[in-house]
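Visitor: The amino acid sequence is not available; the structure is as follows:
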Ligand SMILES: Cc1cc2nc3c(=O)[nH]c(=O)nc-3n(C[C@H](O)[C@H](O)[C@H](O)COP(=O)(O)O)c2cc1C
């Protein structure tokens, strides 16, 4: 009987480690690594891609399929691009933060989409003219880009620049957004061979490999 109880406890502990506890730990490790990369500034000597800027919008908090995250799925993808290209990055930070609760965020996003809102961006890029290529990353929200990405595209003069989109989603792929960007930024050179990863995959080594292979295909 004693043996049976010990075995049961062992199995329960292992299950806990493999499921809930394990997941949380790997999420926070992924988040920390991505955060370190995104917060780093490439030094001038090593920044050979100093004309490339990675601009991304990504939400933290309760997220579909991946639990509670400190760094959003698209931000994780942005960190792979930043690390590989050793380029600068800029996070689009909303003046009014989106709710942590997934359901509440859906409500806010629905309202913004219905109203074709242009949510304000809290931070600024001072030297956008010094970049000639912009990687633009976002999650799919209701089959489109979050409205704040439209704010970004309208706030800056992106004419003459190469724009390379990438995104995360949970089933919709790129949802036609690369062509929407092309239509919107008719004076830019928009590369519609973007990369769409599911949010869950973006957080894994396979997601990183896919991102790097895509960059190689683009010629980087
Ligand atoms: C408001 C909202 C709307 C969403 N709409 C879609 C959608 O239409 N199609 C889809 O595949 N995923 C949708 N998602 C899932 C996100 O695209 C997916 O979880 C993404 O990886 C989140 O990226 P982030 O962590 O960078 O914010 C939606 C998520 C939110 C919060």
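Guide: Looks like it arrived, so ask away. Bear in mind that the values here come from a model prediction, so they are computed numbers and not experimental data. Numbering: from 1, shown residues only.
Visitor: Let me see the backbone angles for the spatially most central residue of the chain.
Guide: Central residue of the chain (Cα atoms, centre = their mean): residue 74, 1.2 Å from the mean position. Residue 74 adopts backbone torsions of phi -70, psi -30, taken as degrees, to the nearest 10.
Visitor: residue contacts, it?
Guide: Residue 74 makes contact with 56, 57, 58, 137, 138, 139, 166, 167, 168, 199, 202, according to Cβ atoms under 8 Å, 6 or more residues apart in numbering. Using the backbone N, CA and C atoms, a C-beta is placed for each residue, glycine as well.
Visitor: the helices in this structure, which residues?
Guide: 2-16, 22-39, 73-85, 102-114, 147-155, 177-184, 199-202, 205-217 (DSSP state H).
Visitor: for the longest one, which positions count as buried?
Guide: Think helix 22-39. Using 16 or more other Cβ atoms under 10 Å as the test for burial, helix 22-39 gives 27, 30, 31, 34, 37, 38.
Visitor: For that helix, enumerate the helices and strands it packs against.
Guide: strand 67-69, helix 73-85 (3 or more Cβ pairs under 8 Å, 6 or more residues apart in numbering; DSSP states H and E).
Visitor: ok, 10 Å please
Guide: Counting by 3 or more Cβ pairs under 10 Å, 6 or more residues apart in numbering; DSSP states H and E, the packing neighbours recorded for helix 22-39 are helix 2-16, strand 67-69, helix 73-85, strand 88-91, helix 205-217.
Visitor: rewinding a little: can you redo the contacts of residue 74 as a markdown table with pLDDT, neighbour count and distance to residue 114?
Guide: Output for the contacts of residue 74, formatted as a markdown table (pLDDT from 0 to 100; neighbours: other Cβ atoms under 10 Å; distance: Cβ to Cβ, whole Å):
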| residue | pLDDT | neighbour count | distance to residue 114 |
| --- | --- | --- | --- |
| 56 | 98 | 28 | 24 |
| 57 | 98 | 27 | 19 |
| 58 | 98 | 25 | 23 |
| 137 | 98 | 29 | 24 |
| 138 | 99 | 26 | 19 |
| 139 | 98 | 26 | 18 |
| 166 | 99 | 25 | 26 |
| 167 | 98 | 28 | 21 |
| 168 | 98 | 28 | 23 |
| 199 | 97 | 24 | 24 |
| 202 | 98 | 33 | 28 |
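Visitor: Can you check what pLDDT the model gives the residue lying closest to residue 196 once chain neighbours are set aside?
Guide: Leaving aside its sequence neighbours, residue 196 sits nearest to residue 174 (Cβ to Cβ, 6 or more residues apart in numbering; 4.3 Å). pLDDT, residue 174: 98.
Visitor: Just give me the neighbour total for residue 174.
Guide: By other Cβ atoms under 10 Å, 19 other residues sit near residue 174.
Visitor: Now the phi/psi pair for it, please.
Guide: When read as degrees, to the nearest 10, the backbone of residue 174 gives phi -90, psi -10.
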